[in-house]
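Trainee: Can you look at this prediction? I've put the sequence above it.
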Amino acid sequence: RILLTTKGGRLICVAPGDEDDVLRYFTKQAHAATDGGQVAIGRPHEGAGGVVHSYEEALGALDLAVKMDIDAPVLRAADLLVFPVLTRDRQALTDLVRSTLAPLRQARGGPEP
């Protein structure tokens, strides 16, 4: 039920989405075997097309990590979904930044150290 292969210089593990122990073991071994390289995990999807979609999500997570200088050893595509959405929607990004950072203006008297 588990497929290990390589593609494009990357080590790929295809496993059922409910096999968390397999994913944990694979990420640990792949991280160690690549001297600290990053491991990306796509979301589980059904069928053969789902495997492709999950693979593409994992690649997207690796690309995003490079762009955003994320050095986490394990990248889960599900955890990074918000970033591509925000980069496509400038207004949503502006609203998020304002709602998150605006309260800091009142903290300790304003934006001073």
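Mentor: Arrived safely.
Trainee: Isn't E56 up against H45?
Mentor: No: using CB atoms under 8 Å, E56 is not in contact with H45; the gap is 10.1 Å. (Glycine included, C-beta is placed from N, CA and C.)
Trainee: neighbour-wise, which of the two wins?
Mentor: Higher neighbour count among E56 and H45: H45, with 15 against 12, using other CB atoms under 10 Å.
Trainee: Tell me how far that one lies from R98.
Mentor: 34 Å (CB to CB, to the nearest Å).
Trainee: Count the neighbours of A30 for me.
Mentor: Using other CB under 10 Å, A30 has 20 neighbouring residues.
Trainee: Spatially nearest residue to it, not counting backbone neighbours?
Mentor: What sits nearest to A30 in space, not counting adjacent residues and going by CB to CB, 6 or more residues apart in numbering, is V39, at 5.0 Å.
Trainee: Run through the bridge partners of the one you found.
Mentor: With DSSP bridges applied, V39 shows beta-bridge pairing to V74.
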